[in-house]
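> For reference, the sequence and a predicted model appear below.
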Amino acid sequence: MCRSAWTIPSAKASGLLPGRLSWTATASAGRFVLTEAGGRRSLVIDPSGTTQQVRTVRTPLPAAALADAVPVSGPRGYDLVDPTTATRAPVDRPAGVRRWQSVTSDGRGGLWAFAYGDGTPGPMDVWHTADGTPGPMDVWHTADGSTWVRDRIDLPPKDTAFPAYLAAHDDHAAALAGYDGATLLPVAALAVTPDGGRTWATLGADDVPFTFVDSLVAAPDGSLYVLGETDRRGAVTALFRSSDDSWTTFEKVRLPDGATPTSVTALEDGVAVGLDDGYLEVGADGSAGPVRHFPR
């Protein structure tokens, strides 16, 4: 079985990660937060390659640390990792929320989330009404990490859809609901707000150029990226980018011939797009750079 490894070419530093599970990495505050699959442990690596084991505390992070905090999913729900202190703390939960399903940061201290509620019929009680008919999608958000607001968004009356992906930056947020799919998520609706949740626009599957979605990523330049496909081949085939400030119109990012995207990660200026044997960067203007192959 393979082990995961990390490398920082500029520092000529590299190392193996503990265990046999896969790890995810997020950049914040000039450092990298790495979390093992299942969320049981996290590490912080600085640009020099120095590694710190993240310690867990029981009290929420102070408000001053929220802007750089990285949400991570763990065995007991969602936590926030402060990369500057290598500290991991639970995300505060308001009354009526039993467990966070998904949490994302807006990059300035605010959080956006999907939640499991405290009513019936069970774990999916925020996804549909008690009698199983399509219900609204609840999106929770907080500007200070403790005072939460719930926005209720109606979904198309087709089949029971469920909230799946969240992305946010500053006052913008996007919440995607979908249907059960074998690999990628069939789109039911994309709800977007440009003003911190004061107003929402809901786009149906016919209003967006992607039919299936693998992930949403909000870049610091204010663009929303969607990794997905337009057919039923069951694999990611395209990358889309919002074409205006409303996050309601999208254009397909032109990638080099033969480049099939597998992941997308926000950078300070644009995004990094993972490929089967390398990666490329898409700048703030939406143009893709050359493919950079991984060393063999």
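Looks like it came in fine. Being a predicted model, the structure only gives us computed values, none of them experimental.

> for the stretch 151-296 of the chain, what spans make up the helices?
Ranges of helices in the stretch 151-296 of the chain, per DSSP state H, counting those that start in this stretch: none exist.

> got any ranges where it has weak pLDDT?
Filtered on pLDDT under 70, the stretch 151-296 of the chain yields the residue ranges 156-160, 181-183, 231-235, 295-296.

> hey, where'd the strands end up in it?
Assigned by DSSP state E, counting those that start in this stretch, the strands in the stretch 151-296 of the chain fall at 162-169, 172-178, 185-193, 201-204, 212-218, 224-229, 238-242, 250-252, 263-266, 271-275, 278-282, 292-293.

> Just name whatever secondary elements the longest one is in contact with.
Think strand 185-193. Other helices and strands packing on strand 185-193, by 3 or more Cβ pairs under 8 Å, 6 or more residues apart in numbering; DSSP states H and E, are strand 137-142, strand 148-153, strand 172-178, strand 201-204, strand 212-218. Using the backbone N, CA and C atoms, a C-beta is placed for each residue, glycine as well.

> quick one on the thing from earlier: would you mind giving the strands of the stretch 151-296 of the chain as TSV with mean neighbour count and distance to Lys12 added?
Output for the strands of the stretch 151-296 of the chain, formatted as TSV (neighbours: other Cβ atoms under 10 Å; distance: least, Cβ to Cβ, whole Å):
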stretch	mean neighbour count	distance to Lys12
strand 162-169	23	33
strand 172-178	25	38
strand 185-193	22	40
strand 201-204	16	46
strand 212-218	22	29
strand 224-229	24	31
strand 238-242	21	31
strand 250-252	16	38
strand 263-266	20	22
strand 271-275	21	20
strand 278-282	18	19
strand 292-293	12	17
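
> closest one to Val44 among these?
With Cβ to Cβ as the measure, strand 263-266 is the member of the strands of the stretch 151-296 of the chain nearest Val44 (16.9 Å).

> From the contact counts, what lies against the closest one?
Applying 3+ Cβ pairs under 8 Å, 6+ apart, we find strand 263-266 packed against strand 23-28, strand 212-218, strand 224-229, strand 271-275.

> mind listing what the shortest one pairs with, with the direction of each?
What that stands for is strand 271-275. Looking at strand 271-275 with DSSP bridges, its partner strands are strand 263-266 (antiparallel), strand 278-282 (antiparallel).

> and the angle from the last one to strand 224-229?
Right, strand 278-282. 140 degrees (axes from the mean of the first three to the mean of the last three Cα atoms, to 10 degrees).

> Please work out which residues outside strand 278-282 touch it.
225, 239, 241, 253, 255-256, 259, 267, 270-273, 288-294 (Cβ atoms under 8 Å, 6 or more residues apart in numbering).

> how does it look with 10 Å?
If you take Cβ atoms under 10 Å, 6 or more residues apart in numbering as the criterion, strand 278-282 is touched by 219, 223, 225, 239, 241, 253-256, 259, 261-265, 267, 269-274, 287-295.
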